[in-house]
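Trainee: only geometry, no sequence info:
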């Protein structure tokens, strides 16, 4: 292709691109949560801290940790409840509180927090408190947790 033909090709493609418009459909918040992996992380020390992402909240009270630890919470699969709290196996001097806002569920009051027991590789119920659509549990350690 010579320079003149190349210039015409570039002008033609440019004209086509200028004439194109993207039609964007509105995205419902629930649909967005179904396609995005949620996560949060921070360094937390003896003073405590709070992490949150989407319907998940983790409160680490003062005194729960003796030193500074890099804490992360990551949704395992977009649109599903399991969440990894890391580093796995971290033990606390005072329980931390993991909360799930189950507003999108049919009957949040009937749901239970569970953790994946690494020794048995099975989900086990954990004592759960309910306040409106929020389901919470006091955790003595980190692992994979979910709401069922």
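Mentor: Now that the structure is in, tell me what you want to look at. Just so you know, these numbers come straight off a predicted model, no measurement behind them.

Trainee: residues of the longest strand along the chain that come out buried?
Mentor: When the chain is parsed with DSSP state E, its longest strand is strand 91-101. Residues 92, 96, 97, 98, 99, 100, 101 are the ones in strand 91-101 that count as buried (16 or more other C-beta atoms under 10 Å). Just so you know, the C-beta spots here come from the backbone N, C-alpha and C atoms, and that holds for glycine as well.

Trainee: let me see the contact set for the first one.
Mentor: With contacts defined as C-beta atoms under 8 Å, 6 or more residues apart in numbering, residue 92 is in contact with 60, 64, 65, 139, 140, 141.

Trainee: run the last query once more with 6 Å
Mentor: 64, 140 (C-beta atoms under 6 Å, 6 or more residues apart in numbering).

Trainee: ok, it to residue 71 distance?
Mentor: Using C-beta to C-beta, to the nearest Å, one gets 11 Å for the distance from residue 92 to residue 71.

Trainee: next: the fourth one.
Mentor: Distance, residue 98 to residue 71, using C-beta to C-beta: 12 Å.

Trainee: from the buried residues of strand 91-101, pick the one nearest residue 82.
Mentor: Nearest to residue 82 among those, counting by C-beta to C-beta, is residue 100 at 10.6 Å.

Trainee: partner residues bridging that closest one?
Mentor: Taking DSSP bridges as the rule, residue 100 bridges to residue 56, residue 135.

Trainee: and it, how far from residue 92?
Mentor: For residue 100, the distance to residue 92 - C-beta to C-beta - is 19 Å.

Trainee: do residue 39 as well
Mentor: If you measure residue 39 against residue 92 using C-beta to C-beta, the figure is 20 Å.

Trainee: in the helix or strand where residue 70 lies, which residues are buried?
Mentor: Using DSSP states H and E, residue 70 sits in strand 69-75. Within strand 69-75, the residues scored as buried using 16+ other C-beta under 10 Å are 69, 71, 72, 73, 74, 75.
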